[in-house]
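**Student:** I need the structure of the sequence given here:
(one chain, ligands or ions: 2)
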Amino acid sequence: MAAADSDPAISISTCPHCQREIPSSNIALHSAHYARNLQKCEHCGNIVPRKLVDQHYDENHAPASLFPNSKLLLDAVNS
Ligand SMILES: [Zn+2]
Ligand SMILES: [Zn+2]
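**Tutor:** Ligands and ions are numbered 1, 2, ... in the order given. I've put the predicted structure just below:
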């Protein structure tokens with residue numbers, strides 16, 4: 001994580017959720033939004049709406065055995 005511009009007058013924090021630079025005075029409020037509504041996927045690091053985490057997992061990270069056709073689909077894409 002790169003250090004933010006070190007302007008001594010304005011303290012900037014890099015949001016761990018969206019990687020944007022947020023004034024430290026706003027970081028708590030900003031982060032609270034994510035804490036309530038969004039979740040970082042522990043598998044790919046993408047930010048996923050909390051209510052879609054299960055769907056995201058199914059679509060992106062579920063074991064292939066749950067989707068017996070997925071290999072066929074991949075083969076079609078790669079050919
Ligand atoms: Zn953020
Ligand atoms: Zn993911």
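**Student:** Tell me how far Cys41 lies from Leu52.
**Tutor:** 10 Å (Cβ to Cβ, to the nearest Å). From N, CA and C alone the C-beta is placed, and that goes for glycine too.
**Student:** Over to Ser11?
**Tutor:** Ser11 is 33 Å from Leu52, by Cβ to Cβ.
**Student:** Give the phi and psi angles for Cys15, as a check.
**Tutor:** Per-residue torsions, Cys15: phi -60, psi 130 (degrees, to the nearest 10).
**Student:** Over to Glu21?
**Tutor:** Backbone geometry at Glu21, expressed as degrees, to the nearest 10, gives phi -90, psi 120.
**Student:** Dig out what it forms beta bridges with.
**Tutor:** For Glu21, the beta-bridge partners are Thr14 (DSSP bridges).
**Student:** quick one, domains of this structure?
**Tutor:** Domain ranges of the chain: 1-40, 41-79, per automatic domain parsing.
**Student:** what mean pLDDT does the longest one have?
**Tutor:** To tie it back to what came earlier, the one meant is domain 1-40. Mean per-residue pLDDT for domain 1-40: 81.
**Student:** before we move on, what about stretch 51-58?
**Tutor:** The pLDDT scores in stretch 51-58 average 93.
**Student:** need the strands for this protein, in chain order.
**Tutor:** 12-14, 21-23, 38-40, 47-49 (DSSP state E).
**Student:** residues of the first one that come out buried?
**Tutor:** Applying a neighbour-count criterion of 16 or more other Cβ atoms under 10 Å, one finds 12-13 buried in strand 12-14.
**Student:** my guess is Ile10 contacts Glu21, does it?
**Tutor:** No: at 10.0 Å, Ile10 does not count as touching Glu21 under the criterion of Cβ atoms under 8 Å.
**Student:** Perfect, I'm done here.
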